[in-house]
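Student: Fold the following.
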Amino acid sequence: MGDRIHRFFGSEGFLRVAPKVVPRLDRAVHRLTGGRVSLSQRMVPSLVLHTTGAKTGLPRETPLACLPDGDDAWYVVGSNFGQAQHPGWTANLLARPDAVVEWKRRRVDVRARLLDADEKAAVWPRLLDVWPNYDRYVERSGGRDLRVFRLEPHPRGE
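Tutor: Here you go, the predicted model:
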């Protein structure tokens, strides 16, 4: 994707509306197409993460950009479009790390693991290759330490 596109998606105007509009629109398109289409996947590799709410216990569905690692593992970043607070899905994974990933129309049971500082530093350049705006999001958030998770296959109940 070109620099002009990345600049647009990192612009203040886009970032003011994106947190409210993009996830809702992405979820709607995903549902309407039976999981065949996600708007995000047109720009970056994307998955849909199914978690259980940390406070409510209710099912949650979140479209996310990701960095695939082989066929069955993914890295996801809690950027929240550079807002000051962490996105809710990261709290859900910290409370209940077992989740489900929808990737290329298949569902995979996964367990999330929050990366430590060294692991995050090692994978960060690869994440920036996928989405250069992550550094912009850190800056915009006031320097918030973005949570990065590795999602690995893990059968339920084990």
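
Student: can you count the residues close to P68?
Tutor: P68: 14 surrounding residues under other Cβ atoms under 10 Å. Bear in mind the C-beta positions are built from the backbone N, C-alpha and C, glycine included.

Student: Kindly report the same for R106.
Tutor: Count around R106 with other Cβ under 10 Å applied: 8.

Student: Which residues are in contact with it?
Tutor: By Cβ atoms under 8 Å, 6 or more residues apart in numbering, the contact list for R106 is empty.

Student: mind listing the strands for this structure?
Tutor: 46-52, 59-65, 67-68, 74-78, 98-103, 106-114, 147-153 (DSSP state E).

Student: Between the ones you listed, which one is closest to S141.
Tutor: With Cβ to Cβ as the criterion, S141 lies closest to strand 74-78 of the strands of the chain, at 10.3 Å.

Student: how about the nearest residue to the residue nearest to the spatial centre of the chain, chain neighbours excluded?
Tutor: Centrality entry for the chain: nearest residue to the mean C-alpha point is L64, 3.2 Å, by Cα atoms, centre = their mean. Nearest residue to L64, sequence neighbours excluded (Cβ to Cβ, 6 or more residues apart in numbering): V76, at 4.9 Å.

Student: if we can go back for a sec, most packed of the strands of the chain?
Tutor: Greatest average neighbour count among those goes to strand 74-78 (a mean of 23), per mean count of other Cβ atoms under 10 Å.

Student: name the helices or strands packed onto that one?
Tutor: strand 46-52, strand 59-65, strand 67-68, helix 117-130, strand 147-153 (3 or more Cβ pairs under 8 Å, 6 or more residues apart in numbering; DSSP states H and E).

Student: How far away from the center of its chain is the fourth one?
Tutor: Here helix 117-130 is found 14 Å from its chain centre; the criterion is Cα atoms, centre = their mean, to the nearest Å.

Student: quick check: angle from that helix to strand 74-78?
Tutor: 90 degrees (axes from the mean of the first three to the mean of the last three Cα atoms, to 10 degrees).

Student: Give the buried residues for helix 117-130.
Tutor: K120, V123, W124, L127, V130 (16 or more other Cβ atoms under 10 Å).

Student: Who is R107 paired with across the strands?
Tutor: E102 (DSSP bridges).
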